[in-house]
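Engineer: Here's a sequence, model it:
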Amino acid sequence: MPERPADPASLQRALNALQAAHPELDPLAALVLLALDEQPPSENGVSSALLARYLEIEHALIRRACTTLEEAGWIRTQPAGGASPALRVCWVASL
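Structural biologist: Numbering: from 1, shown residues only. The predicted structure is shown next:
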């Protein structure tokens with residue numbers, strides 16, 4: 001994953017713009033979408049554990065946000081495999 005933006009103000013602007021365009025998104029779900037949007041396209045998606053480390057947010061909260069986003073049709077998830085609680089997260093609808 002790329003490093004987080006050095007300018008927190010730019011992240012805040014992006015978050016505000018996304019929530020203005022999609023007011024149904026809670027802040028954490030919007031952050032997850034912004035983080036996914038920064039990733040190169042991949043058939044395998046992105047690990048929810050990697051998203052948690054990237055955003056420095058508890059993995060359980062990222063999984064919850066992913067569940068909300070999947071129910072809303074933004075993403076699809078599948079188990080990462082093995083005993084890991086991680087999910088593979090893939091876009092369904094892009095920003």
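
Engineer: tell me the centre residue of the protein?
Structural biologist: residue 32 (2.3 Å; Cα atoms, centre = their mean).

Engineer: So what's the predicted local confidence for it?
Structural biologist: What the model reports for residue 32 is a pLDDT of 95.

Engineer: again with residue 89
Structural biologist: 95.

Engineer: Now do the helices in this structure.
Structural biologist: Taking DSSP state H, the helices of the chain run over residues 8-21, 27-37, 48-55, 59-71.

Engineer: which one of those lies closest to residue 92?
Structural biologist: helix 59-71 (8.1 Å; Cβ to Cβ). All C-beta atoms are positioned from the backbone trio N, CA, C, and that covers glycine.

Engineer: List the buried residues in the closest one.
Structural biologist: 59, 62, 63, 65, 66, 68, 69, 70 (16 or more other Cβ atoms under 10 Å).

Engineer: between these, which is nearest residue 12?
Structural biologist: residue 65 (18.0 Å).

Engineer: my guess is that closest one meets residue 28, correct?
Structural biologist: Yes. Residue 65 is within contact range of residue 28, at 4.6 Å (criterion: Cβ atoms under 8 Å).

Engineer: From residue 26, how far out is the closest residue to residue 30 other than its chain neighbours?
Structural biologist: Nearest non-adjacent residue to residue 30, counting by Cβ to Cβ, 6 or more residues apart in numbering: residue 18, 4.8 Å away. Applying Cβ to Cβ, to the nearest Å, the value for residue 18 to residue 26 is 11 Å.
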